[in-house]
Structures are given as C-alpha cells and as structure tokens.
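K.L.:
Make a model of this:
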Amino acid sequence: TEDKSVTCEVPVKVSEDPVPVCTAFTATPGNLPIGGGDVVLDWEVENATSVTISPVVGAVDLTGSTSVGVTESTTFTLTAVDSNGDEVMCSAPVTVPDPVPFTCEDNVSFNASPNSVRRGDAVNLSWNVTNADTVSISGIDATAFSGSETVNPNDDITYVLTATLGSETIECPTSVTIST
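P.N.:
Coordinates of the predicted model:
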C-alpha cells in the first residue's frame, strides 16, 4: 500500500461575539413574612435579543423593574438569549416562611383535673392558649387566653375550648367522667 496524505485548508475567521451578560438581577426584599407580600425585581442585561423572567413575569426589556406578589418561597430566574442562541441565566431567590400551624397540639393546653370524680365533686379546668384571636369554652363563661375555673359536674361531660386565629377555628376537648 501506498502512504497517502491529503491536506485541506479551511479559512477560519475569529471575531469577538459578545454573549449575553446579566449585570444585575435582584428581588427586594429577599425575605418576606409569613403569607408573603410584594417584591420588586430589578434587572439589567447586556448583549441579548430576548429576556424572560419566570415564574409569572414573562418577556421583559433588557433593563427594567417590576413588582410581583409572592405567597411562598420562590426563585425567580432571568434568562437572556442573543441572536446566536447563546444563553445566560441568573436567579433571585425570595424566602417566605411556612405558616405556623394553628392546632390544639401547638397552641392550646386544656385540662380537667381530676378527670374522673363523683357526682358534684370539684374539677379544676385549666387552659393556656397562644397565638389566637379569640377563646371560648363551652359550659363556662371564659374568654381569657389563660386561666382556670372550678366546675362541679353531675354527669359525664366534655368541655370544648374553641380558639380562632383569623379565619381558622380549632376545637379542643377535655372530658370529665362521673364515677359511681
């Protein structure tokens, strides 16, 4: 066999092709209270033909600012693309704490002591409620967030402490049984 070689010349022209640059992208404030609120997104991009922000916002100019409502932790992503399809992404996180649960277990201590008595004997109801708007207890006239009251039940009874926080309502029972 014969050694063969082939030489090809391909002209290559190197030119500066600027790619998109995200010079600024912020979300202010970066931390919101429980329930969320509004944040202002500010951005500045160079060398791009299209810029989008997700979620929610969509297509935007190279430089701008917009206000967005946020109800849960979110990371906004800005994507800038140039005419050659070169792409750059930058992000701006916003933190919203999870709501604190409003439950009997987390917000209410409600006890009957003793919880088993003879008919007409004294029982001490005691309670403490945190992070609530209103409190009421069935069978007694109590609306304080903490306290105690002596009752003398004649029959088995379940007292129910009802607490509200905004539109949420919880009902927390404690029972007394009458022994013979």
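K.L.:
what residue ranges in the chain score low on pLDDT?
P.N.:
1, 12-15 (pLDDT under 70).
K.L.:
show me the residues around the most centrally placed residue in it that make contact.
P.N.:
Among the residues of the chain, Asp98 comes closest to the average C-alpha position under CA atoms, centre = their mean, at 3.4 Å. Asp98 makes contacts with Ile34, as judged by CB atoms under 8 Å, 6 or more residues apart in numbering. Where C-beta positions appear, they are placed from N, C-alpha and C, glycine not excepted.
K.L.:
Look at it and give its secondary structure.
P.N.:
Three-state call for Asp98 (DSSP: H, G, I helix; E, B strand; the rest coil): coil.
K.L.:
gap between it and Thr63?
P.N.:
34 Å (CB to CB, to the nearest Å).
K.L.:
Repeat that for Asp38.
P.N.:
To Thr63, Asp38 is 20 Å away according to CB to CB.
K.L.:
could you pull out the strands for this structure?
P.N.:
Ranges of strands in the chain, per DSSP state E, are 21-28, 37-46, 50-54, 58-60, 63-70, 74-81, 87-94, 108-113, 116-118, 123-129, 134-137, 146-151, 157-165, 168-179.
K.L.:
out of those strands, nearest to Asp3?
P.N.:
strand 87-94 (46.2 Å; CB to CB).
K.L.:
Just the angle for the closest one relative to strand 37-46, thanks.
P.N.:
Interaxial angle of strand 87-94 relative to strand 37-46 (axes from the mean of the first three to the mean of the last three CA atoms, to 10 degrees): 160 degrees.
K.L.:
angle of strand 87-94 against strand 50-54?
P.N.:
Using the same axes, to 10 degrees, the direction of strand 87-94 lies 30 degrees away from that of strand 50-54.
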